[in-house]
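**Student:** sequence plus predicted model, see below.
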Amino acid sequence: MVEVNREMQKRNLAALAKSPGGFQFTKTFFPYTSSEIGPYYVQSAAIMANGPAYSVACNDMATLVRNVVGEGFDGVVSGGESRDWCFSGPVAQLLGMSQTMIYKADDTGKCKTIGADMKGKNVIHVADLNNEGSSPRDMWVPTIRGAGGKVENVFFYVDRLESGVEEMKKLGLQSHSIIPLDAEAWKYLQEINVVTPEIYESLCKRLEDKDAWAKNMLRSEEGLDTLVSLLASGKTREKGQKILSVGYPEVSAEIINLLVLGSRKNKWPGVERWL
Amino acid sequence: MVVVKYNLRDAWFEAVDKKNSILCAGVDPADYLMGRTDKGAGLPVGTNKRDWSLSYVEAVAPFAAAIKPNLRYFSRGGDSELLDEMCMLAHDKGLIFIQDSKEADIGETNDAGIFGAALRGAHAVTIAPFAGNMKEAAGQGKDRGIGIITMGLMSSPDYLNVKNMWVDVSDDVDNYEVNDIQAIDGKPHVRFYMKQVRDANRFGLAGIVLGAPSSSNHITEEEVAKVKNYSGNLLLKLVPGIGKQGGEVVMLAKHFNKDELIANVGRALMFPNGAYSGPEDWVAAAKEYKEMLNKLRA
C-alpha cells in the first residue's frame, strides 16, 4: 500500500462530511450489517450529491491509481454492482481505460459482466467502500479471476479499516484508499468541528480496540437504551437480536442479564418479549 | 419485519387455568379531589395511591386472572412509575396486565402509546380507533408484541346512537349476512358495531370490549348474537360493568366460550364497603366474584 496522501484524505473527508448522508455519528452506536456495532455510518456515494466535490473525488481516485500502477499501465478497470460504479466508471474514463461492470450473483450463483473482456488482462478493481470485504471475496475477485483476468490492486474511496483489510490480504490484493478512516481522519473531523470531542474520544477508543469498545458500549446505560430501541420495533428487532447472537455472543448472556435486571428496576419491564 | 410471537389469547388461557378464574380486577382509584369519596367510589383523603394500588392488587391477585388499570386514573405525579410497579407486581403474581388507555390517536402517535404499554410489560392495551385506524393499530400491536383490545359494543348511554350508525362495508361485503346489509347510495352498509367487531376479527386483534346487556342499558341479546357471529373464534371479550349477581354475564355465557370472557369488576371490587374498604374487604369481594363467575363456567 502506498503512503496515505493526507491532503487528498482531508479534502475528501471534508467534502464527504458536508454531503448529506455522507457521515452520521452517534454518542451511542449504530448496528452494522456485520451485526457488530460502531459509532458512525459512512456512505461513500453521498459525495455524488456535490458535483465539484464528486469531480475532485474521481480525479483523486484516478491520481491514486496512476501513482500505484504507473502511467504505462495497460489494463481494465472493474467495479461491482452498484455503488462501485460511482467511481469505477469515472476513473476508467479519466484514465482512458476500458471498464468491466460486474453484477451481483444471480440465482445460479454467477456474476454477469458487461463491458471489457478481462481474459489475459491486468485488472484493477475500483470500489466505493472497504467494509467487511465480503463482496470482493465472494463475487468481484472470483469473477475477475474466473474470466481470466489478473487482479493485484484494489482501490477504495473510503476504507473503514475493518475486517475488509485482512480480507484483501487473504485475496492477495494490495489495498489503497483515498479516505482511510484512521486516527488522522477522526482527528481532522474534530478539528473542522464535524465531530464533538466526546464522539472523537469514542472513535479513538474504538480504533484502539473495537471489540472492547463495543462490549463496554453494550454494557453502558446509553448502549442498553439503544439496544432496547432496536429490539422494540419489528423493523429493527432482528438487528438488535443479531448484535447479541452474532456480533457479540460471548457477552450475550451478560447483556441480557443487564436488560432483565434493568426491567426489575422498572426501566424496561417489557423488554424480555423482544429478546 | 420480526414480529414477536406473543399471543394474548394463550397468555389469558394460561392465567385462567392457573388461577381458575376469569375475574379481571379493575384498578380505577378516583382521587379524593374528584369528590367521589362520599359516594364510596373514591380514595379517602390522605390515601397514598401507590400503597393503596399495590395493596389492592396483592389482595385480589389470588382470585383474579388479570388486572386492568384505567390510565385516566393514573395521570398525575409519579403515576407512570406506579403503573410500572403495578405491572411488575402483576407479572410476579401471574396476572395479565391490561393497560386500559383507549388509545385513540393515529399513526406514530398511537404507536407511542402502544409502545409505552409494551415497554412497561403490559400484556394488552385497549384502543378506541375513532379515526377508523383499527388495522393500523393491529399492525402496531403485532410489531410491539402486545395484545390489542378494541372498543366493540359499549353499554354507555351515548353509544346507543353510535352503534346504530350505518357504515360502508364495500371492501368486505362478502363477510356480512345479507340481512344485516342495507344499500345506501348504492353502497352496502351495516351497523357500526357490526363492522367494529368484524374488523377486529379481520385484522387479528386480540379482543373486543363487549358491554354486558342488562335492563339498565341499551344492549340487546340480538346484538350480542351478532357480535358472536362477526367476532369469529379468536377474539377475547373484555366485559366491563359486572354487577354482584353477574346477571349480565349469564347472557353472554350463553353465546360465548365462558373462558373467553375477561370479566372486569371495578368499583364493586375496589370499594365493596365504601371508600374505606381495605385488604380484608378486597379479598372477600374478589373471592365472591371469582366463585360467582366460576359457577357460570361450570
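**Tutor:** The structure has been received and is ready for your questions.
**Student:** tell me the domain ranges of chain A?
**Tutor:** Structural domains annotated on chain A: A:6-187, A:209-274, as defined by automatic domain parsing.
**Student:** any idea how many residues pack against residue 250?
**Tutor:** In the absence of a named chain, this looks at chain A. By other C-beta atoms under 10 Å in any protein chain shown, 8 other residues sit near A:Glu250. Quick note: C-beta positions are derived from backbone N, CA and C, even for glycine.
**Student:** could you do chain B instead?
**Tutor:** Neighbour count for B:Val250, taken as other C-beta under 10 Å: 13.
**Student:** neighbours around the closest residue to chain A within the stretch 151-298 of chain B, how many?
**Tutor:** Closest residue of the stretch 151-298 of chain B to chain A, C-beta to the nearest C-beta: B:Ala206 (14.0 Å). Using other C-beta under 10 Å, B:Ala206 has 27 other residues around it.
**Student:** return the distance of the nearest residue to it once chain neighbours are set aside relative to B:Leu205.
**Tutor:** Using C-beta to C-beta, 6 or more residues apart in numbering or on different chains and skipping residues adjacent in sequence, the residue nearest B:Ala206 is B:Gly147, 3.3 Å away. Distance check for B:Gly147 against B:Leu205: by C-beta to C-beta, to the nearest Å, it reads 8 Å.
**Student:** again with A:Pro180
**Tutor:** Using C-beta to C-beta, A:Pro180 is found at 53 Å from B:Leu205.
**Student:** the two - which one has more neighbours?
**Tutor:** Using other C-beta under 10 Å, the more surrounded residue of A:Pro180 and B:Leu205 is B:Leu205, with 29 against 20.
**Student:** nearest spatial neighbour of the more buried one, skipping sequence neighbours?
**Tutor:** Nearest to B:Leu205 is B:Ile148, by C-beta to C-beta, 6+ apart, at 4.9 Å.
**Student:** helix, strand or coil for the one you found?
**Tutor:** Three-state call for B:Ile148 (DSSP: H, G, I helix; E, B strand; the rest coil): strand.
**Student:** B:Leu8 is in contact with the residue nearest to B:Ala206, correct?
**Tutor:** Yes: using C-beta atoms under 8 Å, B:Gly147 is in contact with B:Leu8, at 2.8 Å.
**Student:** which of the two has more residues huddled nearby?
**Tutor:** Applying other C-beta under 10 Å to B:Gly147 and B:Leu8 shows that B:Gly147 carries more neighbours, namely 25 against 22.
**Student:** who's in contact with the more buried one?
**Tutor:** Shown in contact with B:Gly147 (C-beta atoms under 8 Å, 6 or more residues apart in numbering or on different chains): B:Tyr6, B:Asn7, B:Leu8, B:Arg9, B:Ala11, B:His123, B:Ala124, B:Val125, B:Gly141, B:Leu205, B:Ala206, B:Gly207.
**Student:** and the domains of chain A, which one's lowest on average pLDDT?
**Tutor:** Mean pLDDT is lowest for domain A:209-274 among the domains of chain A, at a mean of 91.
**Student:** and that one, how far out from the chain's middle?
**Tutor:** From the chain centre to the centre of domain A:209-274 is a distance of 24 Å (C-alpha atoms, centre = their mean, to the nearest Å).
**Student:** do it and chain B come into contact?
**Tutor:** Yes: contact between domain A:209-274 and chain B, assessed by C-beta under 8 Å from any C-beta of the partner chain, occurs at A:228, A:232-235, A:237-238, A:241, A:263-264, A:266, A:268-274.
**Student:** write the ChimeraX selection for whichever of those residues are buried.
**Tutor:** Of those, the buried ones can be selected in ChimeraX as follows, counting by 16 or more other C-beta atoms under 10 Å in any protein chain shown:
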select /A:228,232,233,234,237,238,241,263,266,268,269,270,271,273,274
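**Student:** model confidence over stretch B:18-38, on average?
**Tutor:** Averaged across stretch B:18-38, the pLDDT comes to 93.
**Student:** dump it to CSV, restricted to CA.
**Tutor:** The C-alpha trace of stretch B:18-38 is given here as CSV (Å, rounded to 0.1, in the frame of the first residue of the first chain):
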residue,chain,number,x,y,z
LYS,B,18,-53.6,-21.2,36.8
LYS,B,19,-55.9,-19.0,38.8
ASN,B,20,-59.1,-21.0,38.0
SER,B,21,-60.7,-17.6,37.4
ILE,B,22,-61.9,-15.3,34.6
LEU,B,23,-62.1,-12.3,37.0
CYS,B,24,-60.3,-9.2,36.0
ALA,B,25,-59.8,-6.6,38.7
GLY,B,26,-60.3,-3.0,37.5
VAL,B,27,-57.9,-0.6,39.1
ASP,B,28,-59.6,2.9,38.9
PRO,B,29,-58.8,4.7,42.1
ALA,B,30,-60.5,8.0,41.9
ASP,B,31,-58.5,10.7,43.6
TYR,B,32,-60.1,12.3,46.7
LEU,B,33,-60.1,15.6,45.0
MET,B,34,-62.5,14.3,42.4
GLY,B,35,-65.2,14.4,45.1
ARG,B,36,-66.4,10.8,44.8
THR,B,37,-65.3,9.6,48.2
ASP,B,38,-68.6,10.3,49.9
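**Student:** and it, which residues are buried?
**Tutor:** Residues of stretch B:18-38 classed as buried: B:19, B:21-32, B:36-37 (neighbour count, 16+ other C-beta under 10 Å).
**Student:** in strands, which of those appear?
**Tutor:** With DSSP state E as the criterion, strands contain B:Leu23, B:Cys24, B:Ala25, B:Gly26, B:Val27 from among the buried residues of stretch B:18-38.
**Student:** before we move on, the earlier item: which residues do B:Gly147 and B:Leu8 both contact?
**Tutor:** Overlap of the contact sets of B:Gly147 and B:Leu8 (by C-beta under 8 Å, 6+ apart) consists of B:His123, B:Ala124, B:Ala206, B:Gly207.
**Student:** just give me the neighbour total for the last one.
**Tutor:** In this case it means B:Gly207. Neighbour count of B:Gly207, defined by other C-beta under 10 Å: 25.
**Student:** can you check the second one too?
**Tutor:** Other residues near B:Ala124 number 27, with proximity taken as other C-beta under 10 Å.
**Student:** cool, and B:Met165?
**Tutor:** A count of nearby residues for B:Met165, using other C-beta under 10 Å, gives 12.
**Student:** surely it touches B:Lys195?
**Tutor:** No: shown here, B:Met165 and B:Lys195 do not form a contact pair, counting by C-beta under 8 Å, at 9.4 Å.
**Student:** quick one: the helices in the chain?
**Tutor:** Reading this off chain A. Using DSSP state H, the helices of chain A run over residues A:6-18, A:51-69, A:85-95, A:134-135, A:141-146, A:163-170, A:183-191, A:197-208, A:210-219, A:221-231, A:237-242, A:252-264.
**Student:** oops, I was thinking of chain B
**Tutor:** So, for chain B - with DSSP H - the helices run B:8-19, B:49-60, B:79-92, B:107-120, B:134-144, B:159-163, B:192-202, B:221-230, B:247-255, B:267-270, B:279-297.
**Student:** out of those helices, nearest to A:Gly79?
**Tutor:** Smallest distance to A:Gly79 across the helices of chain B (C-beta to C-beta): 38.2 Å, for helix B:134-144.
**Student:** that closest one close to chain A?
**Tutor:** Yes: Helix B:134-144 lies within reach of chain A by C-beta under 8 Å from any C-beta, at B:Lys142, B:Asp143, B:Arg144.
**Student:** name the nearest residue to the closest residue to chain A within the stretch 101-250 of chain B, ignoring sequence neighbours.
**Tutor:** Proximity of the stretch 101-250 of chain B to chain A (C-beta to the nearest C-beta) peaks at B:Gly121, 3.3 Å away. In this structure, B:Gly121 finds its nearest non-sequential neighbour in A:Pro269, 3.3 Å apart by C-beta to C-beta, 6+ apart.
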